[in-house]
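J.: No letters, just coordinates:
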């Protein structure tokens with residue numbers, strides 16, 4: 001069990017950029033210590049040491065309540081314009097943008113590139129890039145606007161508390177939660193990863209009618225029906241292995257070095273597996289390949305490795321963040 005001060009400092013710094021956390025944690029801890037010392041000196045001088053402030057726990061709680069909510073204090077340190085999305089909701093909003101926007105871009109590039117390659121009378125690299133990027137940008141803007149509006153509405157009519165207050169009551173230390181190594185964010189990351197893996201598992205069985213190009217191959221799947229069963233089972237097996245890390249994160253609500261290393265290794269294995277499959281045989285349905293003027297491997301392999309690289313960077317940063325935001329446990333005296 002951590003002290004109120006450690007829980008308070010943790011709640012403040014977890015809402016700040018990584019580069020600020022160490023300095024802010026030291027500053028807030030020192031400020032709380034000075035306020036506690038000043039309160040003790042005042043009580044001693046006034047000969048009121050027999051009052052409730054004589055209890056160190058009561059004095060600590062009084063000091064933290066005097067400072068106000070950690071969300072509000074974090075906003076003061078951040079000095080960021082968070083008027084549309086308030087400090088109580090902003091961390092979740094930023095996390096949602098970090099996950100949703102890259103996924104939207106990757107999916108939009110892949111889907112629009114494929115549709116262009118299958119439907120254009122004559123396929124050119126310039127047209128492929130222009131069409132994919134041109135249609136990915138509106139999708140990105142729509143996703144950003146949608147998330148912003150949803151969080152802004154939730155900030156105003158939902159259950160999110162205003163800075164320093166819960167409802168119309170003054171903030172108290174009773175509202176401090178015991179921190180976990182990475183809190184609800186780890187669980188949320190795990191759930192999102194599991195959902196994405198399920199969607200990836202469905203790719204080999206998704207009909208082309210889903211993106212309105214079913215007329216090109218009779219509504220069959222995008223994947224070559226003659227693709228060996230070993231490749232499909234290998235694909236699903238790797239996805240199953242990839243699900244182990246996110247499942248542990250979602251259940252336990254914490255990240256470890258072992259699970260992060262597992263995530264990185266399985267991601268690289270999957271990227272290598274897909275690259276080998278695309279280079280060694282026709283993975284796309286033959287009718288779709290005939291309708292396309294460009295080999296799918298030319299543009300899909302770079303997309304695969306770009307997404308893999310982004311995921312590795314996000315994995316390392318998430319693990320470092322979870323370690324940096326955790327206060328050291330208090331040892332028994």
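T.: Ah, there it is. All values derive from a computational prediction rather than experimental measurement.

J.: C-alpha from now on. contacts and neighbour counts both.
T.: Fine.

J.: next structured bit after the host helix or strand of residue 111?
T.: Per DSSP states H and E: residue 111 is located in helix 90-119. Under the assignment DSSP H and E, the closest C-terminal helix or strand after helix 90-119 is helix 125-157.

J.: Let me know the average pLDDT across the helix or strand where residue 31 lies.
T.: Under the criterion of DSSP H and E, residue 31 resides in helix 18-45. In this model, helix 18-45 carries a mean pLDDT of 82.

J.: Past that helix, which element shows up next along the chain?
T.: Using DSSP H and E, the helix or strand that follows helix 18-45 in sequence is helix 56-67.

J.: residues contacting the closest residue to residue 268 other than its chain neighbours?
T.: Nearest in space to residue 268, with sequence neighbours left out and distances taken as Cα to Cα, 6 or more residues apart in numbering, is residue 308 at 7.1 Å. Contact partners of residue 308, counting by Cα atoms under 8 Å, 6 or more residues apart in numbering, are 267, 268, 271.

J.: and those residues, which of them are in helices?
T.: 267, 268, 271 (DSSP state H).

J.: returning to that earlier point: ok, the residue nearest to residue 268 to residue 124 distance?
T.: 26 Å (Cα to Cα, to the nearest Å).

J.: any low-confidence regions in the stretch 151-300 of the chain?
T.: 155-171, 173-185, 293 (pLDDT under 70).

J.: Let's test this: what are the backbone torsions at residue 207?
T.: phi -80, psi 150 (degrees, to the nearest 10).

J.: Quick check: it vs residue 91, distance?
T.: Distance from residue 207 to residue 91, by Cα to Cα: 38 Å.

J.: likewise residue 40?
T.: As judged by Cα to Cα, residue 40 and residue 91 stand 36 Å apart.

J.: Return the closest of the contacts of residue 308 with respect to residue 217.
T.: residue 271 (27.1 Å; Cα to Cα).

J.: residues in contact with the closest one?
T.: 304, 305, 308.

J.: follow-up on the earlier one: show me what the helix holding residue 111 is packed against.
T.: The criterion is 3 or more Cα pairs under 8 Å, 6 or more residues apart in numbering; DSSP states H and E, and the helices and strands that helix 90-119 contacts are helix 125-157, helix 286-291, helix 296-324.

J.: Can you check what angle separates the last one from helix 125-157?
T.: Right, the one you point to is helix 296-324. With axes from the mean of the first three to the mean of the last three Cα atoms, to 10 degrees applied, the angle from helix 296-324 to helix 125-157 works out at 30 degrees.

J.: what angle separates helix 296-324 from helix 90-119?
T.: Using the same axes, to 10 degrees: helix 296-324 against helix 90-119 is 170 degrees.

J.: what about residue 33, how many neighbours?
T.: Number of residues near residue 33 (other Cα atoms under 10 Å) recorded here: 15.

J.: no, scratch that, I was asking about residue 56
T.: There are 12 residues near residue 56, going by other Cα under 10 Å.

J.: again, but for residue 310
T.: 11.

J.: Check residue 258 too.
T.: For residue 258, using other Cα under 10 Å, the count is 9.

J.: Wait, a strand at it?
T.: No: under DSSP: H, G, I helix; E, B strand; the rest coil, residue 258 falls outside any strand and is assigned helix.

J.: TSV please, covering the ones in helices among the contacts of residue 308 and showing distance to residue 99.
T.: Conversion of the ones in helices among the contacts of residue 308 to TSV gives the following (distance: Cα to Cα, whole Å):
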residue	distance to residue 99
267	16
268	19
271	19
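
J.: circling back: please identify the deepest-packed of the helices and strands packed on helix 90-119.
T.: Of all those, helix 286-291 carries the top mean neighbour count, a mean of 18, counting by mean count of other Cα atoms under 10 Å.
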